[in-house]
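Engineer: I would like to see how this sequence folds:
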Amino acid sequence: MSRVVAFVPDLLFGSNVLGMLRAAGFDGQLCGDEETLRAATAPDRPAALVADLTANAPVRLELLGRLRAAGNLDGVRTIAFYSHVDGDTRTIAEEAGFDVVVPRSRMAREGAALIERALA
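Structural biologist: Predicted coordinates:
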């Protein structure tokens, strides 16, 4: 069972993502802040990280960049989702090196399949 960390500060949508992960057979862990995210990615890295960029995207991308620079995300497949009306965030996330970048609605519909494909 692959461990997937979901960095989703929005508790309601985070619960949905966590439920989707568990229903798909992943060992899901929800993180809502920097402290829990750091603890969840070190020393044992997850197989994948799902990051919510729908709000505070620059701050969240900066945090994820610091984790990447510290080695916390070495070998971790990264999936980001953003608000469909915010094309700039999509571009920035792709430039930051996320493996998969999709609108939030697609994450809600196809999240498990997206993660499975990213891990394949």
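
Engineer: can we go C-alpha only for contacts and neighbour counts from here?
Structural biologist: Will do.

Engineer: name the element L64 belongs to?
Structural biologist: If you go by DSSP states H and E, L64 is part of helix 57-69.

Engineer: need the longest helix for this structure.
Structural biologist: Ranked by residue count under DSSP state H, the longest helix found in the chain is helix 104-119.

Engineer: quick one, the helix or strand just after the helix holding L64 and helix 104-119 angle?
Structural biologist: Past helix 57-69, heading to the C-terminal end, the next element that is a helix or strand (DSSP H and E) is strand 77-82. For strand 77-82 against helix 104-119, the angle by axes from the mean of the first three to the mean of the last three C-alpha atoms, to 10 degrees is 170 degrees.

Engineer: residue nearest the centroid of the protein?
Structural biologist: Per C-alpha atoms, centre = their mean, the C-alpha nearest to the average position across the chain is that of V50, at 1.5 Å.

Engineer: from L11, how far out is the residue of the chain positioned farthest from its centre?
Structural biologist: Most distant from the centre of the chain: V85, at 18.9 Å, with distances by C-alpha atoms, centre = their mean. The span separating V85 from L11 equals 21 Å under the rule C-alpha to C-alpha, to the nearest Å.

Engineer: quick revisit: elements contacting the longest helix of the chain?
Structural biologist: Contact partners of helix 104-119 among helices and strands, from 3 or more C-alpha pairs under 8 Å, 6 or more residues apart in numbering; DSSP states H and E: helix 11-23, strand 77-82.

Engineer: lovely, talk soon.
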